[in-house]
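Visitor: Sharing a sequence plus its predicted fold:
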There are 2 protein chains.
Amino acid sequence: MAFSSEQEQIAKFWQDEVAQHYFEVLRTLISKKSIFAQQIGLQDVAGYLGEIFANVGAEVTIDETYTAPFVIAKFKSSKPQAKTIIFYNHYDTVPADNDQIWTDNPFKLTLRKGYMYGRGVDDDKGHITARLTAVRKYIREVGDLPVNVTFIMEGAEESASTDLDKYLKKYADSLLPADVLIWEQGVKNSQGQLEITGGNKGIITFNLAVSSAEVDIHSKYGAVVESATWYLLNAISSMRADDGQILIDGIYDQVLEPNERELDLVERYALENSEGLRKVYGLKLPTLKKERRDFLKTYFLNPPCP
Amino acid sequence: MAFSSEQEQIAKFWQDEVAQHYFEVLRTLISKKSIFAQQIGLQDVAGYLGEIFANVGAEVTIDETYTAPFVIAKFKSSKPQAKTIIFYNHYDTVPADNDQIWTDNPFKLTLRKGYMYGRGVDDDKGHITARLTAVRKYIREVGDLPVNVTFIMEGAEESASTDLDKYLKKYADSLLPADVLIWEQGVKNSQGQLEITGGNKGIITFNLAVSSAEVDIHSKYGAVVESATWYLLNAISSMRADDGQILIDGIYDQVLEPNERELDLVERYALENSEGLRKVYGLKLPTLKKERRDFLKTYFLNPPCP
């Protein structure tokens, strides 16, 4: 199947009743702040998502057991042997604080030169409405779905998916077996190609605390009393070498080393490189890996300590 | 001169009209928050101090050039050859946040078992009113002062006396020559003795900043892009050895080493020791110096990096 040109796609978008409807839904979603890091609007947006999915006939579950509600919306195919696809999305966004330079209100969907702008258009509210548009159009035109489609939408992705593991465990029986899970976005690389990513690095967060005394101590004792601050600072500093290696005993024993074929494939298809990053982001400190193969292995396959 | 007993002193305090007046002034001072760290009430309290000193006949200057106003109040003796005494005090206090356990409102002067409680009673508003009480009583009874008395009161002592150096430079001519400057409080040690301290450690504060890129970078690049956070963390960590020594080249060249006589005197009169601190503050980390002479030298005479 050949894709129509960008102009044709945009023209179709403006004439498409369903697409226009969900464009307005996206406008509403962008205007509703839902920021886990600031504990803003999570219940509100989860409830709104429940409504728009229920309106298309999904069986909706909103679970508010943990901090950010978990939203599950299930569309069933009438075929008994239908396979199941899960879309993973999230409705939280990172904050839009004043330490960034905004040319426009980030919580107002705007159009400029054929592109949509707004906090969450790309990450990740736009993908929710785009996928829902496709499901809605398919049901409307065909009357049924060829596969079962389950949407799971969490509200803490930008904060290390706090509690997602608990929700997944709770709903494991109803989410499995699924045949494929598609994660978040569908992005094109800098050459306009669609890419399939086979996996992602995870994230570990933890709290460190040092307790040094039972009550506050005046700083005049600083020369003779060991301070929690320094213990903590040195503990953190001791976790990472200057070249970015993590200095926690045994941590690399748990990392599967890529084989030569995998490294060759990465080297062949990857577009990223050290010098490119330096230019795009205006890096002022040296990058950690200069040599391309080393750079790519570290970037794609090694655990970082950023 | 023998001091009267504590009971006699308290009885005199309650019968003394001038002391009672300034007790009420202190109540007002405690109720007026003046917290440099939170930028609260500095102008208000500086103005109030100006009033109460002017009411006793002082020549008052309030300089609002920098963040916290500097208050100078001068009482002149009629004797042409009178010596000059300066009292240094400050009207700012540390915050009284909710992370502390308060048995009472910290900004309300209360009396319990013969002691006054309130944020600033001891550090340092009470000393302002106590000294002003003495000056007022002396003038009232004798009609003149035997010495010139200058009060200087700043509003940022709890925040490393920000800007004090600039005020002192500005008023150097009018504050010098003075014969003695008495600093802040008059405290008794744990054996009930009044102590004279010959000097104080100063404080240096500075900001460190690392700029690593021109725009925000996604954490996915963390394995290959050097981060400002780690540079900064390692820079701070590199400034201090585990035994508390400051690792900045040449810094100890500027520290005058105490001689044996001075160390002997400290050892003879000091009450502090490592084990005592451990008990009083419930220290959970080891103290930096165990041996008493080493502990005392470090505590009293070495620059700390707390």
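Guide: Cool, the structure landed.
Visitor: near chain B, which residues of the stretch 101-250 of chain A?
Guide: A:201, A:210-217, A:219-231, A:233-234, A:236-237, A:240, A:242, A:244 (C-beta under 8 Å from any C-beta of the partner chain). Where you see a C-beta, it was placed from the backbone N, CA and C, and this is true even at glycine.
Visitor: Among the residues you listed, the buried ones, what's the ChimeraX command?
Guide: Applying 16 or more other C-beta atoms under 10 Å in any protein chain shown to these leaves a buried subset, and the ChimeraX line that selects it is:
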select /A:210,212,213,217,221,222,223,224,225,226,227,230,231,233,237,240,244
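Visitor: Out of the residues of the stretch 101-250 of chain A next to chain B, which sit inside helices?
Guide: Residues of those located in helices (DSSP state H): A:228-231, A:233-234, A:236-237.
Visitor: Where do the strands of chain A begin and end?
Guide: Counting by DSSP state E, one finds strands in chain A at the ranges A:59-63, A:70-75, A:84-90, A:110-112, A:115-117, A:148-154, A:180-183.
Visitor: Name the residues of the longest helix along chain A that come out as buried.
Guide: The single longest helix within chain A, with elements called by DSSP H, is helix A:125-142. Neighbour counts over helix A:125-142 (16+ other C-beta under 10 Å) mark A:125-133, A:135-136, A:138-139 as buried.
Visitor: Can you give me every residue that contacts the nearest residue to A:Y66 once chain neighbours are set aside?
Guide: Spatial nearest neighbour of A:Y66, chain neighbours left out: A:D163 (3.8 Å); criterion: C-beta to C-beta, 6 or more residues apart in numbering or on different chains. A:D163 is in contact with A:66-68, A:70, A:154, A:156, counting by C-beta atoms under 8 Å, 6 or more residues apart in numbering or on different chains.
Visitor: Reformat those residues as a markdown table; add pLDDT and neighbour count.
Guide: Listed next are the contacts of A:D163 as a markdown table, based on pLDDT from 0 to 100; neighbours: other C-beta atoms under 10 Å in any protein chain shown:
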| residue | pLDDT | neighbour count |
| --- | --- | --- |
| A:Y66 | 96 | 16 |
| A:T67 | 95 | 14 |
| A:A68 | 97 | 27 |
| A:F70 | 98 | 23 |
| A:E154 | 98 | 26 |
| A:A156 | 97 | 22 |
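Visitor: Let me know the closest of those to A:K76.
Guide: Distance to A:K76, by C-beta to C-beta, is smallest for A:F70 among the contacts of A:D163, at 19.6 Å.
Visitor: List the beta-bridge partners for A:F87.
Guide: Beta-bridge partners recorded for A:F87 (DSSP bridges): A:F151, A:I182.
Visitor: if we can go back for a sec, roughly how far does the residue nearest to A:Y66 sit from A:E184?
Guide: Shown here: A:D163 relative to A:E184, a distance of 17 Å by C-beta to C-beta, to the nearest Å.
Visitor: Spit out the contact partners of the residue nearest to A:P306 when sequence neighbours are not counted.
Guide: Among residues not flanking A:P306 along the chain, B:G222 sits closest, at 2.4 Å (C-beta to C-beta, 6+ apart). Residues near B:G222 by C-beta under 8 Å, 6+ apart: A:304-306.
Visitor: Quick check, pLDDT for B:G222.
Guide: On pLDDT, B:G222 comes in at 90.
Visitor: Any idea how many residues pack against A:P80?
Guide: 5 (other C-beta atoms under 10 Å in any protein chain shown).
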